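A.B. asks: Here's my sequence, what's the structure:
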Amino acid sequence: MKIKIFERHVALLFAAAVLVVGGFNFSNACAQDRRGGGGNSSSRSSSSSSSSSSSRSSGSSTSSSRSSGGSSRSSSSGNGSGRSWGRGDGQSRSRDTSSSRSTSSTRSENRTRERSSDRNSSVLTSSRERDLNSEGNRRRDRDRDRKRDRDRDGDRDRDRHLNRRNAGFDRNRDRDDWRRREYERGRLLYRTRAYESSNYGYYQYGSNAYEQGYQDGLFTGASDAQRGQSFDPERSHFYKHGAGGFLSIFGGQASYSMAYRDGFLRGYEEGYSNYQNYFFGGRFRR
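C.D. replies: Okay, here's the model as predicted:
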């Protein structure tokens, strides 16, 4: 019983070895066929010789070896086709990987270009903003300088006007002081008196002469004060002639001239001291 089991094991091992050798020979034959070699007959003869020798050595296991050889051939053919398909898949995978790499490189280049363009646009935008800001700052500076110069000019004009007004005020004040001094000096130098008919020998036209002299003296004194002249009634031709408004019907001229000059001095004093009350807009008004 043990011997039979041992023989069966040996037969199985032998059959397996035969299958392995046959499969290896078949795979070599398929490889040579792909390469374009013409050794199909030799591979087939070797396979047939190996199969015949295996069948001769064991008649009982021929059928099993043939069936196993057929299955090994089919499996080897299947393995060969699987290898060919595996190579095709590898090539397609390599192509896919190369295309994916090229696509990814193209995308990365596009991204780099977009980033560079974005950077350039941001740089241009920032430079334009800086230019606009600098231009706005320059305009503000120019406007500020113009306003400052305008203010300076306005200050100069105001100061000049104030200086002129102050100078004029000073001059006017000085003139007023000078006129007042002149008035006081003239009052002491030229004495005046009110009208009395007895002063002129009861001359009946003495009042007319006094009133005419007063009016002429008022005008002359106010004019001299307004022009800044000294207090001097004798400078006037009215006082020198003493005959303003004289008519022949008035009789003797001596009495008329005496009354006229007294009235003239009284009017001159009044006009010189209060000339502002008689001159309006450069014109004399009583």
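A.B. asks: CA only for contacts and neighbour counts going forward, please
C.D. replies: OK.
A.B. asks: so who does Glu221 touch?
C.D. replies: Not Glu; residue 221 is Gly. Shown in contact with Gly221 (C-alpha atoms under 8 Å, 6 or more residues apart in numbering): Phe231, Pro233, Gly267, Tyr268, Glu269, Glu270, Gly271, Tyr272, Tyr275.
A.B. asks: Skip ahead from the helix or strand where it lies and say which helix or strand is next.
C.D. replies: In this assignment (DSSP states H and E), Gly221 forms part of helix 206-226. Proceeding N to C from helix 206-226, the next assigned helix or strand is helix 237-241, under DSSP H and E.
A.B. asks: Which neighbouring elements make contact with the helix or strand following that next one?
C.D. replies: Once the chain leaves helix 237-241, the next helix or strand it forms, by DSSP H and E, is helix 253-273. Judged by 3 or more C-alpha pairs under 8 Å, 6 or more residues apart in numbering; DSSP states H and E, helix 253-273 is in contact with helix 62-189, helix 206-226, helix 237-241.
A.B. asks: rank these by mean pLDDT and give me the bottom one.
C.D. replies: Mean pLDDT is lowest for helix 62-189 among these, at a mean of 69.
A.B. asks: Now do Gln226: how many residues are near it, please.
C.D. replies: By other C-alpha atoms under 10 Å, 19 other residues sit near Gln226.
A.B. asks: hang on, isn't it packed against Tyr275?
C.D. replies: Yes. Using C-alpha atoms under 8 Å, Gln226 is in contact with Tyr275, at 6.4 Å.
A.B. asks: distance of the spatially most central residue of the chain from Arg144?
C.D. replies: By C-alpha atoms, centre = their mean, the mean C-alpha position of the chain lies nearest to Gly136, the distance being 3.0 Å. From Gly136 across to Arg144, the span is 12 Å (C-alpha to C-alpha, to the nearest Å).
A.B. asks: Setting aside sequence neighbours, what's the nearest residue to Ala243?
C.D. replies: In this structure, Ala243 finds its nearest non-sequential neighbour in Ser257, 5.8 Å apart by C-alpha to C-alpha, 6 or more residues apart in numbering.
A.B. asks: Hmm, Gly242 and the one you found touching each other?
C.D. replies: Yes. Shown here, Ser257 and Gly242 form a contact pair, counting by C-alpha under 8 Å, at 4.8 Å.
A.B. asks: give me phi/psi at Phe279?
C.D. replies: Backbone torsions for Phe279, taken as degrees, to the nearest 10, come to phi -120, psi 120.
A.B. asks: ok, it to Gln229 distance?
C.D. replies: Going from Phe279 to Gln229 by C-alpha to C-alpha gives 15 Å.
A.B. asks: same thing with Asn25?
C.D. replies: Distance from Asn25 to Gln229, by C-alpha to C-alpha: 155 Å.
A.B. asks: More neighbours: which of these two?
C.D. replies: For Asn25 versus Gln229, the count of surrounding residues by other C-alpha under 10 Å is larger for Asn25: 19 against 15.
A.B. asks: Surely Tyr256 and Ala243 touch.
C.D. replies: Yes. Counting by C-alpha under 8 Å, Tyr256 does reach Ala243; the two are 7.3 Å apart.
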